[in-house]
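Peer 1: Let me see the structure of the following:
(one chain, ligands or ions: 1)
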Amino acid sequence: MILDLVTYPTASLAQICQPITEITPEIRQVAEDMLETMYDAPGVGLAAPQVGKNIRMVVIDPEWSKDVPRKPRVLINPVLTLLGDMVTSEQEGCLSVPLNYRADVQRASKVLLQAQDLDGNSIQEEHEDFYAYCLQHEIDHLDGVLFIDKIGRLRRTMYDAKVKKWLKRKTN
Ligand code: ZN
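Peer 2: Okay, here's the model as predicted:
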């Protein structure tokens with residue numbers, strides 16, 4: 001089932017998500033629905049708070065494109081250790097950030113990922129470049145952080161003004 005996406009400035013996007021203590025059939029269903037929603041959007045990553053669930057789960061497929069077959073992944077309680085130099089991730093966007101806004105963001109070039117999969121198996125992997133940026137972006141969501149929290153204050157003020165205008169038009 002395709003789920004409704006929660007968009008900025010909804011307050012729940014800024015909340016810290018709760019750890020998953022047991023992988024229940026309900027969690028599996030949410031994971032499946034999140035993947036369906038992500039591919040439909042289309043996007044290469046989605047975090048549970050983006051579909052209104054306050055739990056530490058993300059789905060990703062950073063390499064997916066028209067020419068690359070789907071490799072859906074579900075990460076439960078993911079934790080990142082930033083390893084590489086800070087570099088610029090160009091033109092980041094987010095399914096929860098309206099007006100298709102994009103900006104350059106500072107990200108670690110390399111990360112260590114620790115998580116569990118849906119079967120409770122431990123995952124421990126290193127990732128670089130776009131895959132690493134994607135993980136940082138999605139896992140930030142679990143701590144209530146959006147990529148627009150990482151842009152300069154002036155840019156943020158300008159963006160917030162645009163969103164305000166857009167919301168006003170929408171409700172009129
Ligand atoms: Zn996002």
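Peer 1: P78: what's its closest spatial neighbour, skipping adjacent residues?
Peer 2: A115 (3.8 Å; CB to CB, 6 or more residues apart in numbering). Where you see a C-beta, it was placed from the backbone N, CA and C, and this is true even at glycine.
Peer 1: pLDDT (mean, whole number) over whichever strand or helix holds that neighbour?
Peer 2: Assigned by DSSP states H and E, A115 belongs to strand 110-116. Across strand 110-116, pLDDT averages out at 98.
Peer 1: helices or strands up against it?
Peer 2: With contacts taken as 3 or more CB pairs under 8 Å, 6 or more residues apart in numbering; DSSP states H and E, strand 110-116 sits against strand 73-82, strand 122-128, helix 129-142.
Peer 1: Now render the ones you listed as JSON lines, adding mean pLDDT and mean neighbour count.
Peer 2: Below are these laid out as JSON lines (pLDDT from 0 to 100; neighbours: other CB atoms under 10 Å):
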{"stretch": "strand 73-82", "mean pLDDT": "98", "mean neighbour count": "18"}
{"stretch": "strand 122-128", "mean pLDDT": "98", "mean neighbour count": "12"}
{"stretch": "helix 129-142", "mean pLDDT": "98", "mean neighbour count": "22"}
